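J.: My questions concern the predicted model and sequence given below.
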Amino acid sequence: MTKFDEATGAVRVDATTYDVCLDPGYAIGGPLNGGYLLAALLRAAVDASAYDHPVSTSAQFLRAPATGPAQVLLAPLKTGRTAAMTRATLVQDGTACVEALVTTATLAGEPAAWSAGPPVTMPPPEECLPLPRPRPGSGMTLGERMDLRFDPPTVGWFTGAPTGRPESRAYFRLSEPQDPDPYVLALALDALPPVVFSAGHRGWAPTVELTWHLRALPAPGWLTVVGQGRLIRDGWFDEDVEVWDSAGNLVAQSRQLARLGRG
């Protein structure tokens with residue numbers, strides 16, 4: 001079992017209750033990454049389901065949980081011949097932190113009947129850039145858990161030269177040896193810096209709602225993560241993300257609504 005598997009593990013207490021322990025290694029200056037929280041929640045939902053994969057998740061982020069013990073409470077809504085729907089709530093100290101509707105099904109791995117191509121052509125990983133390691137004590141522990149290699153134009157914000165467009169693109173893999181799976185995809189979808197950084201904004205940008213779809217089981221190797229926004233207005237922004245695997249398959253899609261950071 002890898003460190004990521006352990007950090008997102010869910011231990012069954014009964015048919016609708018799972019214990020989790022939220023790991024401090026997935027923090028962004030204090031708050032835990034939303035994709036990491038979803039990965040832990042989804043492990044519980046899938047374990048309790050008759051089906052193998054979390055094909056659709058819509059989550060509301062109510063408040064930021066602390067690291068340490070928490071629970072996932074499940075409320076089954078429907079089980080059909082091809083899919084099941086469950087309400088899953090991440091709870092800490094009796095308070096709901098993340099509320100999600102999860103649809104599970106079993107993907108057979110069939111080839112795509114039709115697929116659009118990637119929205120952009122990325123340079124090879126060796127021509128892409130990692131960000132500098134965070135300062136010790138900054139609380140930015142998430143960066144130690146993953147390897148991101150950015151398309152150079154989309155990290156101009158780091159040197160004071162943002163493109164002026166809400167966008168972010170990078171290759172993604174875990175820092176430890178592990179092939180991607182649906183839970184790694186949940187992390188990858190929320191791993192990029194907020195796309196508004198490239199539009200000239202800074203600061204923590206908390207996710208309010210995130211919906212994502214698992215479209216295929218990923219092949220081993222690098223994932224390509226492409227994010228863009230459509231509108232920044234009234235202190236809110238949207239972020240659409242696609243994840244493509246090393247075989248050129250679209251494996252995950254997401255859209256989130258977030259608050260504009262201050263900083």
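T.: Here it is on my side, so go on.
J.: Need the residues that contact stretch 8-27.
T.: 1, 3, 6-7, 32-33, 36-37, 39-41, 43-44, 47-48, 65-76, 90, 92, 139-142, 144-145, 183, 187 (Cβ atoms under 8 Å, 6 or more residues apart in numbering). Backbone N, C-alpha and C define where each C-beta goes, glycine included.
J.: how close does residue 24 sit to residue 71?
T.: Noted for residue 24: a distance of 18 Å to residue 71, by Cβ to Cβ, to the nearest Å.
J.: For stretch 216-226, the averaged confidence score.
T.: Averaging pLDDT along stretch 216-226 yields 98.
J.: Distance from the chain centre to it, please.
T.: From the chain centre to the centre of stretch 216-226 is a distance of 13 Å (Cα atoms, centre = their mean, to the nearest Å).
J.: CA atoms only for that stretch, dumped as CSV, please.
T.: Taking Å, rounded to 0.1, in the frame of the first residue of the first chain, the C-alpha atoms of stretch 216-226 are listed here in CSV:
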residue,chain,number,x,y,z
ALA,A,216,-12.1,6.0,-18.3
LEU,A,217,-9.6,4.1,-16.2
PRO,A,218,-6.2,5.7,-16.8
ALA,A,219,-3.2,4.1,-18.3
PRO,A,220,0.1,4.1,-16.3
GLY,A,221,2.4,7.1,-16.6
TRP,A,222,2.1,10.8,-16.7
LEU,A,223,-1.3,12.5,-16.6
THR,A,224,-1.8,15.7,-18.6
VAL,A,225,-4.0,18.2,-16.7
VAL,A,226,-5.4,21.2,-18.6
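J.: Pull out the buried positions in that stretch.
T.: 216-219, 222-226 (16 or more other Cβ atoms under 10 Å).
J.: out of these, who's nearest residue 177?
T.: Nearest to residue 177 among these, counting by Cβ to Cβ, is residue 222 at 13.0 Å.
J.: Assign the nearest residue to the closest one once chain neighbours are set aside to one of the three secondary structure states.
T.: Nearest residue to residue 222, sequence neighbours excluded (Cβ to Cβ, 6 or more residues apart in numbering): residue 171, at 4.6 Å. Secondary structure, DSSP: H, G, I helix; E, B strand; the rest coil: residue 171 is strand.
J.: Could you give the number of residues near residue 171?
T.: 22 (other Cβ atoms under 10 Å).
J.: which of residue 24 and residue 71 has more neighbours?
T.: Higher neighbour count among residue 24 and residue 71: residue 71, with 19 against 13, using other Cβ under 10 Å.
J.: so the more buried one sits in a helix?
T.: No - under three-state DSSP, residue 71 falls outside any helix and is assigned strand.
J.: Show me what it is bridged to.
T.: Residue 71 forms beta bridges with residue 19, residue 91, as assigned by DSSP bridges.
J.: Residue 37 versus that one, what's the distance?
T.: Residue 71 is 13 Å from residue 37, where distance means Cβ to Cβ.
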